[in-house]
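[1] Have a look at this prediction, sequence included:
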Amino acid sequence: MTTSREIRLKSRPVGLPTADNFELATVTLPDPGPGEVQVRNTWMTVDPYMRGRMNDAKSYTPPFALGEAMQGGATGEVIASNDPAFKPGDVVQSFFGWREAFNAPAAAVQKLDTFGLPVQAFLGVAGMPGMTAYAGLLRVAAMKEGDVVFVSAASGAVGSVVCQIAKLKGHKVIGSAGGPEKTAFLRDELGVDVAIDYKAEPIVAALERAAPEGIDVYFENVGGDHLVAALNSANLKARFAMCGMISMYNEATPPPGPANIFLTVGKQIRMEGFIVSSHYDMQPAFHKELADWHAAGKIKWRETIMEGIEKAPDAFLALFSGDNFGKMLVKLS
């Protein structure tokens, strides 16, 4: 028997979640049944999209159930196996985060080939956030030669990869982030051409100054004033990859849309929302390019780490106050 602690959704939040919406519980796991494995998690991720799953509303993925362990990306090690495809010690990836250990069908976990990267990178730069950046920029926004690229939340897990891919492919990149430490990271480590501190100056005027020639691609992570700014500075037939709008996730009543949305017509702007799971056919190409960039020392990332399953709610809530720098992770063992 194995004891595991897990985080459950205790109640559905209204507006910004609080610690009271979560509860810590302890369960005892039996030995894995036929065709099952038992995994002890080493790392788990918290991501902004999880806020939507806390609502009891129809979406592209089912809501979290009250009183049950939440779900999310995790890496771990097989500690017992009742399936010939796995043995104790195998490093695996799963969607059974928010818990210290679990039993699951062997088909629900994936062995990891790390390509020389740290295991936790597969929850960030080499995982869903990195894949989101790759697909959103290259397929959804269809970045082409000469494009000027604007990225909001540019120091975050997704945005920082978008910036680097665009720079590696020879583009002018403008990134927006909050605070001097994050903008210094964009300039000095990621090599963006212009780093905007949206907390220090209005984003509309700052983007106009940063891109007098206009922008051709906008990678949307924030919404609100950032979307207003992107619409204002967009060139004819600009493409917007609509990845997320974290500024609106906790709004009980969504604010009115951008007053300048009419610019999409005259400028013939294409705005396309996307979910990364619809683009996993690109994963082999992404992992190959990422491995090459990593081997050449051309890709960088930051992580913010909290330790212990009991810290998972704190890590999640920090996403909405901007306290994380890069990928927010929870180290479990």
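    Great, that's in hand. Numbering: from 1, shown residues only.
[2] Show me where the stretch 101-250 of the chain has its strands.
    Along the stretch 101-250 of the chain, counting by DSSP state E, counting those that start in this stretch, strands occupy 101-105, 110-111, 148-151, 172-177, 194-197, 215-220, 234-242.
[3] which residues does Thr304 bridge with?
    Beta-bridge partners recorded for Thr304 (DSSP bridges): Met328.
[4] quick one: contacts for it?
    Listed by Cβ atoms under 8 Å, 6 or more residues apart in numbering, the contact partners of Thr304 are Ala315, Ala318, Asp323, Asn324, Phe325, Gly326, Lys327, Met328, Leu329. Heads up, the C-betas are built off the backbone N, CA and C, glycines and all.
[5] Asn250 now?
    Asn250 is in contact with Pro13, Gly15, Leu16, Pro17, Arg51, Phe320, counting by Cβ under 8 Å, 6+ apart.
[6] Likewise for Leu332?
    Contact analysis of Leu332 by Cβ under 8 Å, 6+ apart lists Arg40, Asn41, Thr42, Trp43, Met44, Ala74, Gly76, Glu100, Gly308, Ile309.
[7] Give me the buried subset of those residues.
    For these, burial is judged from neighbour counts taken by 16 or more other Cβ atoms under 10 Å, and it is met by Arg40, Asn41, Thr42, Trp43, Met44, Ala74, Gly76, Glu100, Ile309.
[8] Low-confidence regions, this structure specifically.
    Counting by pLDDT under 70, the chain contains no low-confidence range.
[9] so how far is Val78 from the most centrally placed residue in the chain?
    For the chain, Pro129 is the residue whose C-alpha lies nearest the centre (Cα atoms, centre = their mean; 4.0 Å). Pro129 sits 25 Å away from Val78 when distances are taken as Cβ to Cβ, to the nearest Å.
[10] do the same with Leu117
    In terms of Cβ to Cβ, Leu117 sits 20 Å off from Val78.
[11] same check, this time on Gln38
    Distance, Gln38 to Val78, using Cβ to Cβ: 7 Å.
[12] One more: Ala19?
    32 Å.
[13] quick one: which of the contacts of Thr304 is nearest Ala106?
    Ala106 has its nearest neighbour among the contacts of Thr304 in Leu329, at 25.3 Å by Cβ to Cβ.
[14] which residues does the closest one contact?
    Contacts for Leu329 were tallied using Cβ under 8 Å, 6+ apart; they are Trp43, Met44, Thr45, Val46, Gln120, Leu123, Gly124, Glu303, Thr304, Ile305, Met306, Ala315.
[15] Could you find the closest non-adjacent residue to it?
    Spatial nearest neighbour of Leu329, excluding adjacent residues (Cβ to Cβ, 6 or more residues apart in numbering): Ile305 at 5.1 Å.
[16] Surely that neighbour touches Val330?
    Yes: here Ile305 lies in contact with Val330, judged by Cβ atoms under 8 Å, at a distance of 7.4 Å.
[17] what's Asn82 in contact with, if anything?
    Listed by Cβ under 8 Å, 6+ apart, the contact partners of Asn82 are Asp31, Pro32, Gly33, Pro34, Gly35, Glu36, Val37.
[18] how many other residues sit next to the residue lying closest to Ile269 once chain neighbours are set aside?
    The shortest distance from Ile269 to any non-neighbouring residue, by Cβ to Cβ, 6+ apart, is to Ala238 (5.0 Å). When counting by other Cβ atoms under 10 Å, one arrives at 25 neighbours for Ala238.
[19] which residues sit in contact with Ala238?
    Ala238 neighbours (Cβ under 8 Å, 6+ apart): Gly214, Ile215, Asp216, Val217, Tyr218, Lys267, Ile269, Arg270.
[20] From Asn232, how far out is it?
    Note on Ala238: its distance to Asn232, by Cβ to Cβ, is 11 Å.
[21] top helix in the chain by residue count?
    In the chain, with assignment by DSSP state H, the single longest helix is helix 283-295.
[22] what's it in contact with?
    Identification of contacts with helix 283-295 by Cβ under 8 Å, 6+ apart yields Phe115, Gly116, Leu117, Val125, Ala126, Gly130, Met131, Tyr134, Ala135, Gln164, Leu168, Ile299.
[23] For the fifth one, give me its contacts.
    By Cβ under 8 Å, 6+ apart, the contact list for Ala126 reads Phe115, Leu117, His287, Leu290.
[24] do that again at 10 Å, thanks
    112, 114-115, 117-120, 161, 283, 286-287, 290-291, 294, 299, 301 (Cβ atoms under 10 Å, 6 or more residues apart in numbering).
[25] Would you list the phi and psi of Asp20?
    The phi/psi pair for Asp20 (degrees, to the nearest 10) reads phi -70, psi -20.
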